[in-house]
Every structure is written in C-alpha cells, then in structure tokens.
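Enquirer: Mind folding the following:
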Amino acid sequence: MGEKRGLLVVLSGPSGTGKSTVITALLRRRNDIRFSVSATTRAPRPGEEDGREYYFKSREQFLQMIAEDAFLEHAEYVDNFYGTPAAPVEENMRAGYHVLLDIEVQGAAQVMAKRPDAVSVFLRPPSLEVLEKRLRGRGTDDEARIASRLAAAQREMAQAKHYTYTVVNDDAEKAARELDAILTAELCRSDRR
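Expert: As a prediction, this is how the structure comes out:
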C-alpha cells in the first residue's frame, strides 16, 4: 500500500443482521481492507476458529487485557465481553489499509468518541420479523437467548441515528456494494485528497 493512512470503519448492527455475510462480500470486492478480529469471552460456535472469527479468551484473560489497556474499545454484551485489540488496528492503518471493526453499539460509541474521524455504518435488518427468523434459523440459541437478542436489537436500532451511514441488509451483495460505495465516497472527500 502507499504512504496514505487507512480509514477506520466502524460497522454495527444487531445480532443476526448478517454482518459477517456482508463483511465477507465486501472483502471479496476490495483488497485494501483488513478485518479487525475482536476478542470475546463467548464460546466458539461450530466451525469458528480462534484468531479467525474471534480471539476466544477466558473471562480472566479478558479482564487482564482491560487492565493492560490493550483494547481500542470493550464492552459487555448479552453476558459476554467483546473488545478490539488496539495494536493490530493501528499497524494496519499505518500500512495504508482500511480497518473494518464489527462491533456492537456500546463499543462503537467508545471508538467514535476517541476517533471522530472513524467512518460509522449501522447495518439494519429489513424488519424485526426478518431478524427473528434469521436468529431462529441459526439453531444456536434457545428461546430465552432469542428473546434477549431481539430486545437488544430494538435498543441497538434506536442508536442508529448516531452513525453517519445506515445500510439495510435485505440482500448481502447489495449491502456490500453500498458499503463499498461509502468507502469510495469517504476516500474522495476533499480533506483526504
């Protein structure tokens, strides 16, 4: 990459909105983006690998990282901790790559307060009914967890007004094209040229 510093891109949206699918489609479209792998205390889902989807940490390990100020942001969400290790983000941005953070609204608020230059995008489901169907379709959560995720989704969607952009994920490829267009527009801003 060149000498220009990369963008910090914050993407949030309720669980089950399809963030991972949209991110995968975006990464296929652009070679100048690096996905920031978050740390979490939640258990891995089938097929997930440590260091690929998340850095899976014990609660004790995570609390130690907080004490060492090793996170750009961190938060507790649905009984688990999530956080963005700061060092890899900074290294990639210095190398000229855009770094995409997939984080929930609490963490996004922390990043946006620290980094007002961050490009913020909220990914919405087409409706709460579609979101519920997606959550049930995963087959990974019991009824209590689904109800908790839906309640959290309503609270999160109320925070979308704090983001610069909103993308509705009714089709993952279309949502990825919109994210790609947002990045292109941000790179064309006069203050970045």
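
Enquirer: tell me the helices in this structure, going along the chain?
Expert: Here the chain has its helices, by DSSP state H, at 19-29, 59-67, 86-94, 105-114, 128-138, 143-157, 172-187.

Enquirer: Please work out which of those is packed deepest.
Expert: Greatest average neighbour count among these goes to helix 105-114 (a mean of 19), per mean count of other C-beta atoms under 10 Å. No exception for glycine: its C-beta is placed from N, CA and C like everyone else's.

Enquirer: and the residue nearest to residue 146 when sequence neighbours are not counted, what pLDDT?
Expert: Using C-beta to C-beta, 6 or more residues apart in numbering and skipping the chain neighbours, the partner closest in space to residue 146 is residue 135 (5.2 Å). pLDDT recorded at residue 135 is 84.

Enquirer: Surely residue 135 and residue 150 touch.
Expert: Yes. Taking contacts as C-beta atoms under 8 Å, residue 135 lies within contact range of residue 150: 7.2 Å.

Enquirer: List the residues that contact residue 36.
Expert: Residue 36 is in contact with 84-85, 88-89, 92, 99-102, counting by C-beta atoms under 8 Å, 6 or more residues apart in numbering.

Enquirer: so what's residue 76 up against?
Expert: Taking C-beta under 8 Å, 6+ apart as the definition of contact, the neighbours of residue 76 are 82, 106.

Enquirer: Please consider this matter closed, and thank you.
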